[in-house]
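1. any chance you can model this:
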Amino acid sequence: MNVQNQQGQQFILGDELGKGGEARVLGVQGQPDVVAKLYHQPTPQREAKLLAMVANPPNQPSTHTAIAWPTELLYLKPMAFSGFLMPKVTDSGPIFNFYNPVKRKELYPDFTWLGLHRTARNLVAATQAIHAKNYVIGDINESNFLVNRQALVTLVDTDSFQVTDLSGQIHRCNVGKPEYTPPELQGVSFKTIDQQIEHDLFRLGVLIFQLLMEGYHPFAGVLPNQLSVGRVDLYCIKQGLFPYGYTSPVTPPPHAPMFEMLHPWVKAAFTRCFVEGHATPSKRPTAKEWHQILIEAENALIPCPDHSHHVYSNHLSYCPWCALSNRRQKAVFQSMILPLSPPSLIRAVPRKVSHRLNLTPIPTNFIPSGVQAPTVTRTQLTPLEMYLSYGKIWVGWILVNMAAWAFFQLADTFVFALSVVVGIVVDLFSYGSLIIILGYGYGIYLFMTMDRGQDRISSIFTNLLICFSGWLLVAALFRFSQNFSLTAIFTTAMYGLTVSLVQWQLIRKWLPDGMGWIALNTEVWAFLGIIFAFGLLPYHWLSTSIMIGTAVGFTQWLVLRQKFQRSGGWILASVAGWLVSAAIGWLPMGSAAAASIGNLTSKASSLIFMQEIISSGAIYGIISGTVLVWLLQKPKP
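-> This is a model prediction of the structure:
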């Protein structure tokens, strides 16, 4: 078959290399580096779009075809548009074969996590070149990026992009896969809208996540209460339920790699993309930002001393791949089989190789302006940078403990003042419980809605129902039995229940099953209530703080020891937190005022030491929260 370009130059087409729903690809005789794509049904709209693309191509590296961009339009005869010429891509396979661990082991056995970081880095560099021309890829998915053994990326199917020509006319992208579609475009026909670069940034984040997390989709997860919603990933995309977010009710898939193994900057970028970007798409990281982040993450990779094929980020104190291997009794790059099928492509799958991987970055002259070329030195994260990545957990833990003391004491104080002013018999604990429930409920609501997930409302009401039911039981016991001691026991138990519920919201990503944490905390505070109510031990600030710190710390250690290494330090942190907070907050008040904490029916001194109580909660939160952040970085294999 003979075709010609706009200038009349003839091309003789060779064998058919592949065929799809819209076009077929053929070789070009005498030009081994070029192929022709001919449409089954060419249209004037396609011709106008391709003319705009040929007139304004993106920047390309000189040594590698990063973007298979149209070079010339083809005609079967004058004025009969048929297709276009584009560079031929060889020795490359679909990106699916690299991020899927089974395919990677089969086809590229020497491709490590370092190679996946380099692939992601080259991927975003190619994307940035497209965005620099104000083009939108639109149909970003696992089929449109090819990768070679050196981690060089080629973007294909470029004729489907959304292109703005030099006159300002927009030629839309009409196709896209729903699992890569941002929430604001879910259910929307692409034929009716002009897409924005922010839409591409969501899709880009999904593909980077799959590269670094063994092919798992960022919104694949397990819904609470076996909720039936159809495809979980699409439901979570629409609702903004990122399973790896701090407060998402959706948990990650059971065999997914730990989110904590990612570099802190990468984790923060995913949070911006999928959590903050859900309501505000402009907050999603740009391709240029991703490039800088991935360079930093790649430079932070260090080799595993026990396995030559493993690399991991230097903010960890252990190799996460070895941990997974030990747990599954097989190498991690051989163990995880994902429920995915490799896409069918026109191009042949590359043959197996036996040599070691030689990674190649996209040349410096192709890196977008303002982004520096990568260095060979490996930077170590400072302790400050490491702790900042856990800043939300640390601050949240402090606030929870401050609020716990403040709300508890404020409720008692308010009820006592009300009973004095009104001069009537007031059911102290029923009214006090209402204020505590409202205060904690509002705090839980604020914290849980940080990720803007709509389904958290049901979880909030579940927590409030549990707490409120318990406090109603307390009020009933007081009303009908006039038993202050029994009421005190239930008061401290419900205090433990409420506080542990909020604490678990902070650490649920590390403790998915919160029943042990909540139940044991409730029981230990009920036990402490018995000691307080019946005066089983004489009150003294030193002995009391040691007793509370040891009891609470030991109980929580029983849960933490199952998930974290060196967890025995938690008991010491609990005791130290209670001792220091008692010495600063309780001791200056005098034994008479401090003793009222053990006597839960005495309210007169509440206002006097409210400030000390709040500061005591903060001190305990700072000490125990610091140790908590340290523990979270040392999960057990």
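2. got phi/psi on the closest residue to residue 622 other than its chain neighbours?
-> In space, and not counting its chain neighbours, residue 622 is closest to residue 398: 5.7 Å by Cβ to Cβ, 6 or more residues apart in numbering. C-beta coordinates here come from the backbone N, C-alpha and C atoms, glycine included. With angles defined as degrees, to the nearest 10, residue 398 sits at phi -60, psi -50.
3. wait, isn't residue 398 in contact with residue 619?
-> No - applying Cβ atoms under 8 Å, one finds residue 398 not in contact with residue 619, separated by 9.1 Å.
4. and those two? which has more neighbours close in?
-> Comparing residue 398 with residue 619 by other Cβ atoms under 10 Å, the one with more neighbours is residue 619, at 23 against 20.
5. tell me the secondary structure for the more buried one?
-> Secondary structure, DSSP: H, G, I helix; E, B strand; the rest coil: residue 619 is helix.
6. got a list of what it touches?
-> By Cβ atoms under 8 Å, 6 or more residues apart in numbering, residue 619 lies in contact with 577, 580, 581, 584, 585.
7. from the residues you listed, pick the one nearest residue 301.
-> Nearest to residue 301, judged by Cβ to Cβ, of the contacts of residue 619 is residue 577 at 36.1 Å.
8. other SSEs contacting the helix or strand hosting that closest one?
-> Taking DSSP states H and E as the definition, residue 577 sits inside helix 569-581. Applying 3 or more Cβ pairs under 8 Å, 6 or more residues apart in numbering; DSSP states H and E, we find helix 569-581 packed against helix 541-560, helix 610-632.
9. just the endpoints, please. Distance across stretch 502-515?
-> Using Cα to Cα, to the nearest Å, one end of stretch 502-515 lies 13 Å from the other.
10. just to revisit the earlier point, which residues does the residue nearest to residue 622 contact?
-> 618, 621, 622, 625.
11. want to throw the residues you listed into CSV with pLDDT and distance to residue 146?
-> Putting the contacts of residue 398 into CSV (pLDDT from 0 to 100; distance: Cβ to Cβ, whole Å) gives the following:
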residue, pLDDT, distance to residue 146
618, 78, 55
621, 83, 51
622, 86, 51
625, 84, 47
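12. ok, now which ones touch the closest residue to residue 114 other than its chain neighbours?
-> Distances taken as Cβ to Cβ, 6+ apart place residue 311 nearest to residue 114, at 5.0 Å, with adjacent residues excluded. Taking Cβ under 8 Å, 6+ apart, we find residue 311 in contact with 112, 113, 114, 301, 302, 303, 304.
13. domains of the protein?
-> 2-87, 93-387, 390-632 (automatic domain parsing).
14. where among those is average confidence lowest?
-> If these are sorted by mean pLDDT, domain 390-632 sits at the bottom with a mean of 63.
15. select the longest strand from this protein.
-> If you go by DSSP state E, the chain has its longest strand at strand 10-19.
16. tell me what that strand is packed against?
-> When contacts are defined as 3+ Cβ pairs under 8 Å, 6+ apart, strand 10-19 sits against strand 2-4, strand 23-28, strand 34-39.
17. please convert these to JSON lines, extending it with mean neighbour count.
-> Below are the helices and strands packed on strand 10-19 laid out as JSON lines (neighbours: other Cβ atoms under 10 Å):
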{"stretch": "strand 2-4", "mean neighbour count": "17"}
{"stretch": "strand 23-28", "mean neighbour count": "19"}
{"stretch": "strand 34-39", "mean neighbour count": "20"}
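18. turn those into a markdown table, including distance to residue 59.
-> Below are these laid out as a markdown table (distance: least, Cβ to Cβ, whole Å):
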| stretch | distance to residue 59 |
| --- | --- |
| strand 2-4 | 28 |
| strand 23-28 | 25 |
| strand 34-39 | 20 |
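19. among the ones you listed, which is nearest residue 14?
-> Using Cβ to Cβ, the nearest of the helices and strands packed on strand 10-19 to residue 14 is strand 23-28, at 3.6 Å.
20. so what strands line up beside that closest one?
-> Partners of strand 23-28 in the sheet, by DSSP bridges, are strand 10-19 (antiparallel), strand 34-39 (antiparallel).
21. now the closest residue to residue 396 other than its chain neighbours: which helix or strand?
-> Using Cβ to Cβ, 6+ apart and skipping the chain neighbours, the partner closest in space to residue 396 is residue 506 (4.9 Å). Element membership for residue 506, per DSSP H and E: helix 484-507.
22. which members of the contacts of residue 311 are classed as buried?
-> 112, 113, 114, 301, 304 (16 or more other Cβ atoms under 10 Å).
23. how far away is the first one from residue 45?
-> Remark: distance between residue 112 and residue 45 (Cβ to Cβ, to the nearest Å) = 45 Å.
24. and the helix holding residue 577 with helix 541-560, angle?
-> Between helix 569-581 and helix 541-560, the angle comes out at 150 degrees (axes from the mean of the first three to the mean of the last three Cα atoms, to 10 degrees).
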